[in-house]
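# here's a sequence, model it:
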Amino acid sequence: MKKLSIIGNGYTAKFLSKEALKKDFEVSIITRNISNPKKNVHYFNYYDSKNIAEKLSKENIISTVPPNELGLDPIIQNYKKSIALNKKKIIYFSATSVYGVGNIDEKTKPDPKHSRGLIRLNAEEEWIKTNSDISIFRIAGIYGPKRHPMIRYLEGNNQIIVKKDYIPNRIHVKDLSSITIQYLVENKNNRIVNICDQNKISSYDAIKYVTTKLKLKKPSIIKYNPNKVSDNLKSFYEFNRIIKCRVVENELKYKYKYPDYAKALLTLTKKLIKNK
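Okay, here's the model as predicted:
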């Protein structure tokens, strides 16, 4: 049986492990906090250095752990030797913030415009220096069950920030998980893989679509003002990029489960209302 160690036990790890189990992987999650354990998944304490070092030197790895504020990756800091020795498939989850502006594909050189992107790029370089066979997944904004804008909307906040010509890049967590595990199963070996859906739509238009369909209160437009948003929000809105996913489309030939953000958001909202 193929073995997979997922580093980190956050939002995405749950979906990754579920998808990996479907494809007959033996799944382990390496985490500092073993909480809400899932059936058929093995959990290992991150600080169990002997066992973790052995696993990270011999098994397929997906690291979902972000770098710290200095741009240093805690996994590389603590388990660099093991990762350097690993001959299996290693996938590191990065972000599209390493890119600049305009039309982007996997051949586009990184050009981060904000500290978030610089930190991510530094972490990528640490992983590449440690193991040259690594695959870097540059991932757009992740959404899905319990993580989408209509949660706040239904709680009473119908204000949507709108910036002219700004279109965010997104990926449903189930598509992200399916793409990642398919990549492992097919044993692909690309250095850079972009991950985002390809049907672009503004946040306002997507939410308006949902509220119209469900006869909810119409969204209220708040014009983007860089002087009135947090530095974190500014890092998203200041730079407009359109991400193309050549590997996903041309090599994996992946068919998105949720290619249309507005329709996916409608489905998520219906489920949310039903379960209230």
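
# would you mind confirming that Thr130 is in contact with Asn86?
No - under the criterion of Cβ atoms under 8 Å, Thr130 is not in contact with Asn86, lying 9.3 Å apart. Where C-beta positions appear, they are placed from N, C-alpha and C, glycine not excepted.

# what about the helices in the stretch 1-150 of the chain?
Remark: helices assigned in the stretch 1-150 of the chain by DSSP state H, counting those that start in this stretch are 11-22, 49-58, 74-85, 115-130, 149-154.

# in the second one, which residues are buried?
Going back to what we said before, that points to helix 49-58. Ile52, Ala53, Lys55, Leu56, Ser57 (16 or more other Cβ atoms under 10 Å).

# what's that helix packed up against?
strand 2-7, strand 25-31, strand 42-45, helix 74-85 (3 or more Cβ pairs under 8 Å, 6 or more residues apart in numbering; DSSP states H and E).

# redo that, cut-off 7 Å
strand 42-45, helix 74-85 (3 or more Cβ pairs under 7 Å, 6 or more residues apart in numbering; DSSP states H and E).

# cool, and the last one?
Using 3+ Cβ pairs under 7 Å, 6+ apart as the contact criterion, the elements in contact with helix 149-154 are helix 203-214, helix 261-274.

# residue at max distance from the center of this protein?
Lys215 (31.2 Å; Cα atoms, centre = their mean).

# ok, now how distant is that one from Leu268?
Applying Cβ to Cβ, to the nearest Å, the value for Lys215 to Leu268 is 17 Å.

# give me the mean pLDDT for stretch 110-127.
When pLDDT is averaged over stretch 110-127, the result is 93.

# could you list the buried residues of it?
Those would be 110, 112-114, 116-117, 119-124, 126-127, for stretch 110-127 by 16+ other Cβ under 10 Å.

# repeat that for stretch 177-196.
Those buried within stretch 177-196 under the rule 16+ other Cβ under 10 Å are 177-184, 190, 192-196.

# just send these back as CSV, with pLDDT, secondary structure and distance to Tyr204 too.
Shown next, in CSV, are those (pLDDT from 0 to 100; DSSP: H, G, I helix; E, B strand; the rest coil; distance: Cβ to Cβ, whole Å):
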residue, pLDDT, secondary structure, distance to Tyr204
Ser177, 98, helix, 28
Ser178, 98, helix, 28
Ile179, 98, helix, 27
Thr180, 98, helix, 30
Ile181, 98, helix, 33
Gln182, 98, helix, 33
Tyr183, 98, helix, 33
Leu184, 97, helix, 37
Asn190, 96, coil, 34
Ile192, 98, strand, 31
Val193, 98, strand, 29
Asn194, 98, strand, 24
Ile195, 98, strand, 24
Cys196, 97, coil, 19
